[in-house]
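A.B. asks: give me a 3D structure for the following:
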Amino acid sequence: MRVVHINTADKGGGAEGSAFNLVRALRQHDYDAQLVVGTKYSAEPWILELPRLVHPIATPLKWIADATRGLDRKGIPGMRRITRSLERLASPTRCKQWIQGKDETDFPASHQIDKLIQGKIDIFHCHNLHGWYFDLNALVTLSKVAPVILNLRDTWALTGHCAYFLDCQKWQQGCGDCPRLTIYPAVRRDATSFNLQQKANIYAQANLAVTAPSQWLLDQVNNSILKPKFTKLIPNGIDTTIFKPADKAEAREKLNLNPDEKLVLFAAAAKKSPFKDPDTLVNAVKILLESDSSIAFACVGIKPDNLPDNPRIRLVDYVSNPKTMASWYQAADIFVHTAKAEAFGKTITESMACGTPVVATRIGGIPEQVIPGQTGELSAPEDPADLAQKALALLALPDPAFQALRHNAASFATQFSLGNQLKNFTDWYHTLVQH
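C.D. replies: Numbering: from 1, shown residues only. Predicted structure coming up:
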């Protein structure tokens, strides 16, 4: 069976990593799986970057954009935004749509994926389609070639522009008069009503199956313009051969950590994100610092603003090696995660799989991962005092109760293995092909 996955990029956040790992697992199980992306960062031969097709008069701009994209691949800051601006200048259609606040659609290569891949395609598996690389109208084109799965990672497909609607419910009434135009993917003007209607028209013409990693996200689909014939809940998978329980003392020795301290771990991948909640996290850390002098912290990734400079807080650069990240989870007593919107928390699952209980915000799909009293605790949104209190309660548990919590977390997380995700998708692929 030949399955073509489509995503913004092959490296980046949780969605990129999840799609990459799934395609690689499919290939390891003898599926002819390929990944088509807007921007390719890795050297894998089974990953294809969609070509930028422009009018001959815009060729010089394309050459410059290709050069800045190359600098982006090398990690030079700001190049991604510059590349996007150059590509807009190379397309009068995109420029006009961008100025008007409309979804940008001048990505002709997304209509030609079947020709670029060549040969018979059995399934198109689409992940994030926002990110300025894909014309949503291509869903109609692709669905005439093979069944199309829309794998929701956020709520962008259901709204007039934003990746998460947060507390706004206008997407259920047609959008318009948008209160948050600057939320990713930002728009210059309010064309959200037009965008949402355009999406509805596309979905009505395309034959789509929809999957999501949480029941919460599928429930949002039921209230939306997206009316798929088939839906399926398939949580994101993690590699449980790497993220698994291990001896805490050995993990701490490996990382040069104090074997006797109470260690609270948290991670940050973005300095500023409207969907994360670093302020609540930082304020909870300040409360914990004052509450118990035996608590230490490890922050992996980007240091949040206003995080105090304190010898009990260890700052760790972004960890790209999964085995090293697993060691941090294994060394910690608890993992803390805060968010204002979250369909499914990858780091939450990874931590639990390592036997480390989680304190996380009661938001979105997180309550389907964290079971209070069994795998961790849930705190009220944007409530640092409640978050700190829940963390202190876990750290104060008698050792037998805490060890039971660790065991329950690891056992519960086994359902989120990459193997289970793979089987769920391959079974569904065969079902959809038969229909």
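
A.B. asks: please count neighbours and contacts with C-alpha atoms only from this point.
C.D. replies: Fine.

A.B. asks: tell me the phi and psi of residue 357?
C.D. replies: phi -60, psi 160 (degrees, to the nearest 10).

A.B. asks: please report the distance of the closest residue in space to it that isn't next to it in sequence from residue 333.
C.D. replies: Among residues not flanking residue 357 along the chain, residue 376 sits closest, at 4.7 Å (CA to CA, 6 or more residues apart in numbering). Using CA to CA, to the nearest Å, we find residue 376 at a distance of 11 Å from residue 333.

A.B. asks: same deal with residue 26?
C.D. replies: According to CA to CA, residue 26 stands 34 Å off from residue 333.

A.B. asks: those two: which is more packed in?
C.D. replies: Taking other CA atoms under 10 Å, residue 26 and residue 333 do not tie; residue 333 has more neighbours (23 against 20).

A.B. asks: now the more buried one. Nearest residue, chain neighbours left out?
C.D. replies: Leaving out its chain neighbours, the residue that sits closest to residue 333 by CA to CA, 6+ apart is residue 263, at 5.3 Å.

A.B. asks: ok, the residue nearest to residue 357 - contacts?
C.D. replies: Listed by CA atoms under 8 Å, 6 or more residues apart in numbering, the contact set of residue 376 reads 357-359, 370, 394, 405, 409.

A.B. asks: a markdown table for those, including pLDDT?
C.D. replies: Converted to a markdown table, the contacts of residue 376 look like this (pLDDT from 0 to 100):
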| residue | pLDDT |
| --- | --- |
| 357 | 98 |
| 358 | 98 |
| 359 | 98 |
| 370 | 98 |
| 394 | 98 |
| 405 | 97 |
| 409 | 98 |
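
A.B. asks: filter those down to just the ones in strands.
C.D. replies: Using DSSP state E, the members of these that fall in strands are 358-359.

A.B. asks: which of the contacts of residue 376 has the most neighbours?
C.D. replies: Taking other CA under 10 Å as the neighbour criterion, residue 357 ranks highest of the contacts of residue 376 with 35 neighbours.

A.B. asks: that residue contacts residue 406, doesn't it?
C.D. replies: Yes - between residue 357 and residue 406 there is a contact under CA atoms under 8 Å: 5.9 Å.

A.B. asks: buried residues in the helix or strand where residue 95 lies?
C.D. replies: For residue 95, the host element (DSSP states H and E) is helix 92-100. Across helix 92-100, burial judged by 16 or more other CA atoms under 10 Å covers 94-95, 97-98.

A.B. asks: who does the worst-scoring helix or strand of the chain on mean pLDDT touch, helix- and strand-wise?
C.D. replies: Ranked by mean pLDDT, DSSP states H and E, the weakest helix or strand in the chain is helix 59-73, scoring a mean of 89. Applying 3 or more CA pairs under 8 Å, 6 or more residues apart in numbering; DSSP states H and E, one finds that helix 59-73 makes contact with helix 79-89.

A.B. asks: hang on, the earlier thing: contacting residues around the helix holding residue 95?
C.D. replies: 88-89, 103-106, 187-191.

A.B. asks: how long is stretch 354-372 end to end?
C.D. replies: End-to-end for stretch 354-372, by CA to CA: 18 Å.

A.B. asks: chain center to it: distance?
C.D. replies: When distances are taken as CA atoms, centre = their mean, to the nearest Å, stretch 354-372 is centred 16 Å away from the chain's centroid.

A.B. asks: ditto for stretch 76-87
C.D. replies: Once both centres are worked out by CA atoms, centre = their mean, stretch 76-87 turns out to sit 22 Å from its chain's centre.

A.B. asks: about what we covered before: only C-alpha atoms, please: export the helix holding residue 95 in CSV.
C.D. replies: The C-alpha trace of helix 92-100 is given here as CSV (Å, rounded to 0.1, in the frame of the first residue of the first chain):
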residue,chain,number,x,y,z
PRO,A,92,0.5,38.8,-7.0
THR,A,93,-2.3,36.4,-5.9
ARG,A,94,-0.8,35.7,-2.5
CYS,A,95,0.1,39.4,-2.0
LYS,A,96,-3.5,40.4,-2.6
GLN,A,97,-4.9,37.7,-0.4
TRP,A,98,-2.4,38.5,2.4
ILE,A,99,-3.3,42.2,2.3
GLN,A,100,-7.0,41.3,2.4
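
A.B. asks: straight-line length of stretch 86-103, end to end?
C.D. replies: End to end - CA to CA - stretch 86-103 spans 17 Å.

A.B. asks: now do it, average pLDDT.
C.D. replies: The average pLDDT within stretch 86-103 is 94.

A.B. asks: the one helix or strand the residue nearest to residue 333 maps to - what's its average pLDDT?
C.D. replies: Here residue 263, judged by DSSP H and E, is contained in strand 262-268. Here strand 262-268 scores 95 as its mean pLDDT.

A.B. asks: that strand - contacts with which helices or strands?
C.D. replies: Judged by 3+ CA pairs under 8 Å, 6+ apart, strand 262-268 is in contact with strand 295-301, helix 322-331, strand 334-337.
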